[in-house]
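# what's the 3D shape of this:
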Amino acid sequence: MSKSILFLVCIIAVGTLLYFLPSILGIEASVDEGYRGESGGEALEAGVVYVSYDGGAQFQAGDIDAQANVFDVDFSPIDNRAYLATDGGVFVSDDGGKRWYRAFDADGILEEPITVYRFVADPQKPGVVYFSFLKNGNAYLYSSPDGLSTLEKIYESSEGIAVYDAELRGDYLYLGMSNGEILRYQISEGTYRGLGALGDPITDLVIKSNGALYAATKSEGVFASLNGGASWEPLSGEDMKNLAGALSINDFGSQDHVAGALYAASAYGLFKTTNYGKTWTVLNTVVPQNSSISSVFVTDAGIIYAAKNNVLYKSKDGGSSWAILTPVQGRKISLIKGYDGGRVVFIGTSQPDARPLLKGFSPIKFPIFAPQ
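Numbering: from 1, shown residues only. Next up is the predicted model:
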């Protein structure tokens, strides 16, 4: 056999080996598998987000290759799509939270560095979403009509006045701002209206079906408006003011059909009111007093979930007794959110040493829009 023929045979043999090597080693090649159009990305690993499809009886970790800190999650039951807002960008799941992909867009808006605070998916319109974020010192609010393939800017602040919370009600998007303002954005008209300025960063908003508005703040407790935002009243009475950390509200839990009931997760513990905030009760039968609760969620049936560090507390009797769950390992729970009456429950997590969002960034500026 000539040297040239021998060389050719060697080349063919090496090429064949390289072609079949991934299969021999059990490695699956996936050139395009992690891509999902404009909002695709690399396939991601577990530990950042968890989901339950049986009302919290069992949780499974989502497949996400990121160690980002989670600030928000939203789920659209109409198309089984979920969105994750983190300090590493937006992640998307097309299968209800089992497998997640980093979202990208053609203009590079979603590329790092970006911190996404809030994500809202329209429950009636598949693919229609709204999200707020901070990038390069500027704060933004964007919308998308098609699941992040196309993005449209609807708010920008070069002073870093950020949208910390957003709640969608029909044609209106209610916004809780980092400077303490509460705004209402009319989607069809593209106009803003100021509903109040509370002077402290807004951590959460609740809009009841009867029109009552509730606002949680970083250090001033709970406020309510029963007249569409024309005026606001503080609801944190002496029973909260005398407790260290009780006025630092991290999250609300609410049953929409129970008008006067509200749960508040605070740096002191978990509070409950059944009379529109006239009086508050500390639910401390299991969770120790002076123990910061990061998040609270209440199902339509009244089941309460509350989180402290990596522990999830669950009560079926209004807080009289609690089951202790530990689905999260190595990270702490940053949020709990539920859908479909509480059948679907998401848990978002953060690194153990991660600072809360509002401690890292909470500018107080003059009002953007004066109340009307």
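# mind listing what S219 touches?
D200, L247, S248 (C-beta atoms under 8 Å, 6 or more residues apart in numbering). (Glycine included, C-beta is placed from N, CA and C.)
# and it, that's in a strand?
No. Counting by DSSP: H, G, I helix; E, B strand; the rest coil, S219 is not part of a strand but coil.
# all strands in the stretch 251-372 of the chain, in order from the N-terminus.
262-266, 270-273, 281-282, 295-298, 304-308, 311-315, 323-325, 332-339, 344-350 (DSSP state E, counting those that start in this stretch).
# got the contact list for the residue nearest the centre of the chain?
The centroid of the chain falls nearest to D72 when counting by C-alpha atoms, centre = their mean (1.0 Å). D72 makes contacts with L84, A85, V116, Y117, R118, F119, L335, K337, G348, as judged by C-beta under 8 Å, 6+ apart.
# Let's see if you can find the most crowded of these.
L84 (30 neighbours; other C-beta atoms under 10 Å).
# follow-up on the earlier one: mind putting the contacts of S219 in JSON lines, distance to T279, pLDDT and secondary structure included?
Listed next are the contacts of S219 as JSON lines, based on distance: C-beta to C-beta, whole Å; pLDDT from 0 to 100; DSSP: H, G, I helix; E, B strand; the rest coil:
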{"residue": "D200", "distance to T279": "22", "pLDDT": "96", "secondary structure": "coil"}
{"residue": "L247", "distance to T279": "16", "pLDDT": "95", "secondary structure": "coil"}
{"residue": "S248", "distance to T279": "19", "pLDDT": "95", "secondary structure": "coil"}
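# now those in TSV, with distance to I109?
Listed next are those as TSV, based on distance: C-beta to C-beta, whole Å:
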residue	distance to I109
D200	30
L247	36
S248	32
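# Format the residues you listed as TSV; extra columns: neighbour count.
Output for these, formatted as TSV (neighbours: other C-beta atoms under 10 Å):
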residue	neighbour count
D200	23
L247	22
S248	22
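# which of those residues lies closest to D94?
Using C-beta to C-beta, S248 comes nearest to D94 of the contacts of S219, at 36.7 Å.
# give the contact list for that closest one.
Listed by C-beta under 8 Å, 6+ apart, the contact partners of S248 are K218, S219, S266, A267, Y268.
# Grab the nearest non-local neighbour of it.
A267 (4.0 Å; C-beta to C-beta, 6 or more residues apart in numbering).
# ok, that neighbour to V128 distance?
35 Å (C-beta to C-beta, to the nearest Å).
# which residues in the stretch 101-250 of the chain form strands?
Along the stretch 101-250 of the chain, counting by DSSP E, counting those that start in this stretch, strands occupy 101-102, 115-121, 129-135, 138-144, 152-157, 163-169, 172-177, 181-186, 191-197, 202-207, 213-217, 222-225, 233-234, 249-253.
# So which bits of the fifth one are buried?
What it means is strand 152-157. Judged by neighbour count using 16 or more other C-beta atoms under 10 Å, the buried positions of strand 152-157 are I154, Y155, S157.
# between these, which is closest to S315?
Closest approach between the buried residues of strand 152-157 and S315, by C-beta to C-beta: Y155, at 38.0 Å.
# What's the per-residue pLDDT of the closest residue to that closest one other than its chain neighbours here?
The spatially closest residue to Y155, leaving aside those adjacent along the chain, is L141, at 3.7 Å (C-beta to C-beta, 6+ apart). Predicted confidence (pLDDT) for L141: 98.
# OK, contacts around L141?
Contact analysis of L141 by C-beta under 8 Å, 6+ apart lists Y130, F131, S132, K153, I154, Y155, E156, V163, A166, L175, Y185.
# So what sits opposite it in the bridge?
Beta-bridge pairing of L141 under DSSP bridges involves S132, Y155.
# now A306
Legend: beta-bridge partners of A306 under DSSP bridges are V296, Y313.
# surely it meets S295?
Yes. A306 is within contact range of S295, at 7.3 Å (criterion: C-beta atoms under 8 Å).
# Now list whatever residues contact both of the two.
Shared contacts of A306 and S295, defined by C-beta under 8 Å, 6+ apart, comprise A265, I336.
# Neighbour count: those two, which is higher?
Shown here are A306 and S295; by other C-beta under 10 Å, A306 has more neighbours (28 against 22).
# Let's see the pLDDT reported for that one.
Reported pLDDT for A306: 95.
# and if you look at S291?
Listed pLDDT for S291 reads 80.
# Quickly note the distance from it to S266.
Note on S291: its distance to S266, by C-beta to C-beta, is 10 Å.
# can you pull the contacts of the nearest residue to N210 once chain neighbours are set aside?
Spatial nearest neighbour of N210, chain neighbours left out: A259 (5.2 Å); criterion: C-beta to C-beta, 6+ apart. Contacts for A259 (C-beta under 8 Å, 6+ apart) come out as K208, N210, A212, Y276.
# Dump those residues to JSON lines, plus distance to L243, pLDDT and neighbour count.
Compiled in JSON lines, the contacts of A259 are given as follows (distance: C-beta to C-beta, whole Å; pLDDT from 0 to 100; neighbours: other C-beta atoms under 10 Å):
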{"residue": "K208", "distance to L243": "26", "pLDDT": "90", "neighbour count": "20"}
{"residue": "N210", "distance to L243": "29", "pLDDT": "86", "neighbour count": "10"}
{"residue": "A212", "distance to L243": "25", "pLDDT": "91", "neighbour count": "19"}
{"residue": "Y276", "distance to L243": "20", "pLDDT": "88", "neighbour count": "17"}
